[in-house]
Structure formats: C-alpha cells, structure tokens
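1. the following block contains a protein sequence and its predicted model.
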Amino acid sequence: MVWNHELHRPSLATQHQMEDTTSQSQSHYYFLYLWALVSLAFALAAYRRFLTAARANGGLQLPPGPWQLPVIGSLHHLVGQLPHRAMRDLARRHGPVMLLQLGELPTVVVSTPDAAREVMRTQDLTFASRPLTASMRVLTNDGRDVAFAPYGEYWRQLRKIAVTELLTARRVLSFRAIREEEVAAMLRQVGSAARPVEMRAHLTALVSNATFRAVMGDRCKQRDVFLRGVDEVIQLSTGFNPADMWPSWSWLAGRLSNDMRRAKECHATLYDMFGGIIEEHLERMEGGGDGNGEAMDLLDVLLKIHKDGGVDMVAIKAVIFDVFIAGSESSATTLEWALAELIKNPEAMKKVTAEVRQAFDAGGRVVEDRLGELTYLHLVIREALRLHPPLPLLLPRLCREPCKVLGFDVPRGTQVIVNAWALGRDEQHWPDATEEFRPERFEAGTRAAMVDFRGADFELLPFGAGRRMCPGIAFGLASVELPLASLLLHFDWEAPDVSDPTEFDMTEAFGATARRNANLLLRPSLRVPLPAPPAQGV
Ligand code: HEM
C-alpha cells in the first residue's frame, strides 16, 4: 500500500475506499496462495528427502521414535516443554536410544547410563566430534574453539593446551587469592545491599570477575556488556534456532528468525572485547610486564604459546570465549541452584550451615585450602549437580562413522544428545526419593557414594565423559565451593514472601544452560562478621 506521508494516511483511502478494500483482500489472497505454495514446496522437499533417506536406510534398524511431520520432523513433540524434560518423557515411551528429527537434523537421544556408556566410552572415538550449527559457526569463529572444534588435529592441539597448560590443578590453585578476594568483595556487597538481595546478579558478577582476573589479570571494564553477551550466547546456542535446524535453508531461516543477525552482533561485541584485552596484554608484554610461572594469567600463557608458534590469534580468542562461556556460566548456575535447593530444604540448610560454621567460625572466614575438611558441603554440591546439571543435554556429539548403539543403527552424520538431566533423575538408578534434594544419599557407605561424577560412571554426568568431557572441572568446582561455603558462614538465608519453603519456585529457563527461571530473591541476615576490606580496596 502507498502511503501519503504528509497526511499519514493511505493516499487513496478516502477517494477509492471500495477499490482499496477489494485490492487489499486480493493481495491478501495472493499472499495466502504464495504461502501455500512455499509450504507445499517445503513439504515436498522434506518428503523427497525422507523417501531418499528411507531407501538409503534400507536394511538398517534405526532407533524408535515418535511419529514425524514433514519439514518439522519431531519438533511438535517438544513444543511447550523444556527440551530435556520433553525428551525424557518421550524416551519413557520410545526407549533409551530414541530417534528424533529436529527439522532437518536426524538426532539420536540417549537417556540411560548403559546407552550413555556406549556413546561416551565404548564408542567414544566414533562420537568424538561435535555438530556445528549455523549459530555456533558464527559464535565460535567456524569451530575454532575447544568445545565446538571438529574432532581432529586442531582440536587435539587446543585440548592439550587446555588440559596441560590452562586448567591444571596447579594453575587453578594459583588463582586462589583471586577467588578469596572476589568472594570477600561479593560478601561485602551482599551485606550492604538493600534487602532482599537478587542473588543471581551477585553470583554471576562474582564468577565473571574471578574468571576475568584469572584470564587477563584484571576485572572487565565492560562487565555489563560482557554479561549481556553471555546471555545472548546462552539463548543462541540451544541448537533450536531455525537456521540451525534447517541448515539447507539457513539463509532464509536466518533472515526470517533474526537469530543469525543476533549471533553476528554478539560475536562482534565479544570478540572485539577480547581483541582489546589481547592488545593491552601484548603491550604489557612488550614493556616486559608479563607474568611468569605461577603468577601468569591464562592470556599470558596463551600468548607465550602463540609466540612459540603454537596457536594463532583466532584460536586464542576462541579459547577465551570457551573459558568465559563454558566456565563462568556453568559455575554461576550451579551456585544458584545449590542455594535455591538449600532454601527449599531447610533441614539440609541447617546441617550444611552448622558444618561450615563449626569449621570456620573461629577464624572468621572460609579458607580455601581447608575446604577438604567439610563433608556435607560437597554432598550438597553433588546433589545440586545431580538434579540440576547446568548443561542438561551436555554438548551434542556427532556420529563420525556408521555404528550401532544398544543394537540400533546410528548413521554417519547423526547428531547425538546425551540427556544428563534424565540420567540424574532415573528412578532405576536413583530409587530413593528421586526428585528430592537429599545430599545424604551420597554419604559414605551408600551405593551412591561410590558413583563418580567426573565421567567414570554414567548415572551422573554433569561434566560429560570421554574424550570431549569437561576439562574445567577443577576450575569449576573451585568457583562453586568457596563462594557457597562463605555465603553460608556469614549469613542466614530466607526467601521473603515464601511461607512454605517446599513451594519455592524451581522452574528452569530455556537455554543451553538450565538456569533458574525466577530471580533468586533472598534475605540475608549477618551472623558472622564480614572480613575487613583490604586497605586500598580490591
Ligand atoms: C560447574 C562447572 C562446569 C560444568 C557443570 C561443566 C560442564 C561441561 C559439560 C557437560 C561439557 C560437555 C562434555 C561432553 O560433551 O561430554 C563441558 C565441556 C567443556 N567445558 Fe565445562 N563445565 C564446567 C566448568 C567449566 C570451566 C570452569 C571451564 C573452563 C575454564 C570449562 C570448559 C569446558 C570446555 C572447553 C569444554 C569443551 C571440551 C571439548 O569439547 O573438548 N568448563 N563442560
């Protein structure tokens, strides 16, 4: 329709209203015809692909799964629920190895420890790659980071640097002073904030400050911009964007859904920020001011490796991206859930608080190297990870060779998802009050106490397993234990306006990580005086 901009109304509206109405309804019908034609073309294309696949799969015994529609495949079965919950419900009907069609992506979902063991141990090499969706391609510079690099020499090289140089127990230990300073700063902020306190913001700020200092030696000057970028990445990296699920139409899907533009903007913001940080570091190094040995931050280490010809600048930025996104987001989410579960379970709260105070009350603060003296606190964290693995579907794997999982054929190129959230809530393996928060289930002498949560056992996989398992476990746990113990030592906690703690809202948000949906609004009451601020501020 042509607008007369001076009058701000349709130019012919008053004179030719009748003709206009007719032409409007005609164009409406043209649009409908066009829409029907495009839909039909989509449906036919998908049906042809389906027939070709069915013929090619002749003789294969594919895993069972729910019925599918043209174009969208199985997506209608996931609508209205969070993917990990919907997949668990579907798996109960279709089995531990289940085939879904997510748009164009054939996806096998495994939901029991036996099936997970097949994927992540018995045939780990076959599943050692990751699918690279259109969004992640943009966000990770074409899979140049550790987490999304396809399996091969490049990934092996980066992974080796991560495991042997960046995230070693020794390196994590070297950041202890940073963690203690940042925790003390957070406690002071919580202590002086207006009541009640929105804890998610404090926990996110704490973990990102500590991570920034570990990576680049200083806090981030644009922390809010950075945290908005992290939020975007969490939204964009679910794998459920149209451009990700219909790769052969990604140009169109990307335009219609706006996701690709968001991914590009987010990439530009974060990588520009990383570029600036690297520039500053290089200048400092040229001035002879780089750290040495244990005093090195992660960027010092990476730039030294770069100088020796080990990695290029693109890889350095992508690795930093991983540390910030994989590292800070998962740790903050774990902290948030642990605190929320303790609010919901006052008995557990009482017990863990008593343990922490007994150990640290006299000293007036929690000391990291004595955290090993605590028992129940570690059970609390383990139970929080069982019920709320921050990455409920881990990170997807890619089948590199045709193979069988529990007797079902998995064709090459299939995306494989391990539902870690479902594993932690499997009644068969966690029979005792499965859905309830009971840290005692891990007490010494119980069957659960023997279950390893670092990838050796498949009932509990918050960090994944096999070649692609999380290399940042020590870093992640250190970022959770000290803050949690410190918050419990210094404050008593309650949720305002919640008369019955068992009613405390535990709904999860949609995203690659399963954050808590509602704000974590808590009222702290000071019980043990806070550590005095350092003379010149932190
Ligand atoms: C509580 C904290 C954390 C949790 C729950 C967690 C969880 C995970 C999970 C589930 C995976 C996928 C594993 C798989 O596919 O089998 C993963 C991968 C990864 N994590 Fe973590 N993570 C945490 C902290 C960290 C930290 C602190 C860092 C780095 C500083 C980190 C870096 C990575 C990287 C680089 C990968 C990709 C590994 C690869 O593909 O080779 N994570 N993490």
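-> Arrived safely, thanks for sending.
2. and Phe453, what pLDDT?
-> Note on Phe453: pLDDT of 95.
3. the one 3 residues further on now?
-> Per-residue confidence (pLDDT) for Ala456: 95.
4. what do you get for Asp290?
-> As predicted, Asp290 sits at a pLDDT of 57.
5. return the nearest residue of the stretch 151-300 of the chain with respect to the ligand.
-> For the stretch 151-300 of the chain and the ligand, the shortest gap (Cβ to the nearest ligand atom) falls at Arg159, measuring 5.1 Å. Quick note: C-beta positions are derived from backbone N, CA and C, even for glycine.
6. would you check that that residue makes contact with Cys470?
-> No. The pair Arg159 and Cys470 fails to qualify as a contact (Cβ atoms under 8 Å) at a distance of 11.3 Å.
7. tell me how this structure divides into domains.
-> Using automatic domain parsing, the domain ranges for the chain come out as 28-59, 75-526.
8. which of these has the lowest mean pLDDT?
-> domain 28-59 (a mean of 53).
9. run a quick neighbour tally on the residue of the stretch 151-300 of the chain closest to the ligand.
-> Other residues near Arg159 number 17, with proximity taken as other Cβ atoms under 10 Å.
10. coming back round to it: taking the domains of the chain together, which one is wrapped up most tightly?
-> Ranked by mean neighbour count, those are led by domain 75-526 with a mean of 19 (mean count of other Cβ atoms under 10 Å).
11. re the thing from before, make TSV out of the domains of the chain and add distance to Gln68.
-> Below are the domains of the chain laid out as TSV (distance: least, Cβ to Cβ, whole Å):
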stretch	distance to Gln68
domain 28-59	8
domain 75-526	5
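12. test my guess that Val197 contacts Leu526.
-> No. In terms of Cβ under 8 Å, Val197 does not count as a neighbour of Leu526; the distance is 12.0 Å.
13. residues in contact with Glu355?
-> Neighbour list for Glu355: 374-377 [criterion: Cβ atoms under 8 Å, 6 or more residues apart in numbering].
14. mind doing that once more with 6 Å?
-> By Cβ atoms under 6 Å, 6 or more residues apart in numbering, the contact list for Glu355 reads 374, 376.
15. flag every residue of the stretch 251-400 of the chain that's near the ligand.
-> Within the stretch 251-400 of the chain, the residues that sit near the ligand (Cβ under 6 Å from any ligand atom) are 322-323, 326-327, 330-331, 334, 390-391, 394-395.
16. same deal with the stretch 101-250 of the chain?
-> Contact residues (Cβ under 6 Å from any ligand atom) of the stretch 101-250 of the chain with the ligand: 146-147, 159, 162, 167.
17. from Ala478, how far off is the closest residue to the residue of the stretch 151-300 of the chain closest to the ligand other than its chain neighbours?
-> With Cβ to Cβ, 6 or more residues apart in numbering as the criterion, Arg159 has its nearest non-adjacent residue at 5.7 Å, and that residue is Val146. Counting by Cβ to Cβ, to the nearest Å, the gap from Val146 to Ala478 is 19 Å.
18. how about whichever residue of the stretch 51-200 of the chain sits closest to the ligand, secondary structure?
-> As assessed by Cβ to the nearest ligand atom, the ligand sits closest to Ala147 within the stretch 51-200 of the chain, at 3.6 Å. Using DSSP: H, G, I helix; E, B strand; the rest coil, the structure places Ala147 in coil.
19. what about it, distance to Arg159?
-> Distance from Ala147 to Arg159, by Cβ to Cβ: 10 Å.
20. in the stretch 251-400 of the chain, which spans are strands?
-> Along the stretch 251-400 of the chain, the stretches classed as strands by DSSP state E, counting those that start in this stretch are 397-398.
21. in this protein, which spans are strands?
-> 3-4, 9-10, 97-102, 105-110, 197-198, 397-398, 403-405, 408-410, 415-418, 491-494, 521-526 (DSSP state E).
22. pull up the pairing partners for the last one, direction included.
-> The one in question is strand 521-526. Note on strand 521-526: by DSSP bridges, its sheet partners are strand 197-198 (antiparallel), strand 491-494 (antiparallel).
23. from the middle of its chain, how far away would that strand be?
-> Taking Cα atoms, centre = their mean, to the nearest Å, the mean C-alpha location of strand 521-526 is offset from the chain mean by 27 Å.
24. before we move on, what about the third one?
-> Centroid separation between strand 97-102 and its chain, computed with Cα atoms, centre = their mean, is 21 Å.
25. got the CA positions of that strand in CSV?
-> Extracted in CSV, the C-alpha atoms of strand 97-102 (Å, rounded to 0.1, in the frame of the first residue of the first chain):
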residue,chain,number,x,y,z
VAL,A,97,18.0,-44.9,22.4
MET,A,98,15.5,-42.7,20.5
LEU,A,99,15.4,-41.1,17.1
LEU,A,100,14.1,-37.6,16.7
GLN,A,101,14.1,-35.5,13.6
LEU,A,102,14.8,-31.9,14.6
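26. on that earlier part again, need the strands of the chain in TSV (columns: distance to Thr502).
-> What follows is the strands of the chain, written out as TSV (distance: least, Cβ to Cβ, whole Å):
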stretch	distance to Thr502
strand 3-4	58
strand 9-10	59
strand 97-102	33
strand 105-110	31
strand 197-198	22
strand 397-398	37
strand 403-405	39
strand 408-410	41
strand 415-418	31
strand 491-494	14
strand 521-526	16
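27. nearest to Leu132, out of the ones you listed?
-> Smallest distance to Leu132 across the strands of the chain (Cβ to Cβ): 8.4 Å, for strand 397-398.
28. so what touches the closest one?
-> Here strand 397-398 has contacts from 127, 129-131, 416, using Cβ under 6 Å, 6+ apart.
29. quick one, what contacts Val119?
-> Applying Cβ under 6 Å, 6+ apart, the residues near Val119 are 110, 127, 416.
30. quick check: the nearest residue to Arg412 once chain neighbours are set aside vs the ligand, distance?
-> Nearest residue to Arg412, sequence neighbours excluded (Cβ to Cβ, 6+ apart): Pro402, at 5.1 Å. With distances taken as Cβ to the nearest ligand atom, to the nearest Å, Pro402 is found 21 Å from the ligand.
31. these two touch, right, Pro402 and Gly413?
-> No. Contact criterion Cβ atoms under 6 Å: Pro402 and Gly413 do not qualify, at 9.3 Å.
32. can you tell me which residues contact the nearest residue to Thr333 once chain neighbours are set aside?
-> Leaving aside its sequence neighbours, Thr333 sits nearest to Pro390 (Cβ to Cβ, 6+ apart; 4.1 Å). Counting by Cβ under 6 Å, 6+ apart, Pro390 touches 330, 333-334, 513.
33. identify the farthest-apart pair in those.
-> Thr334 and Thr513 (9.7 Å).
34. sorry, back to before: my read: the residue nearest to Arg159 touches Ala162, true?
-> Yes. With contact defined as Cβ under 6 Å, Val146 reaches Ala162; the gap is 5.4 Å.
35. residues in contact with stretch 89-105: which ones?
-> With Cβ under 6 Å, 6+ apart as the test, stretch 89-105 has contacts from 62-66, 68, 73-74, 77, 107-112, 115, 245-246, 405-406, 408, 415.
36. which residue packs closest to Ile72, ignoring adjacent ones?
-> Spatial nearest neighbour of Ile72, excluding adjacent residues (Cβ to Cβ, 6+ apart): Gly103 at 6.5 Å.
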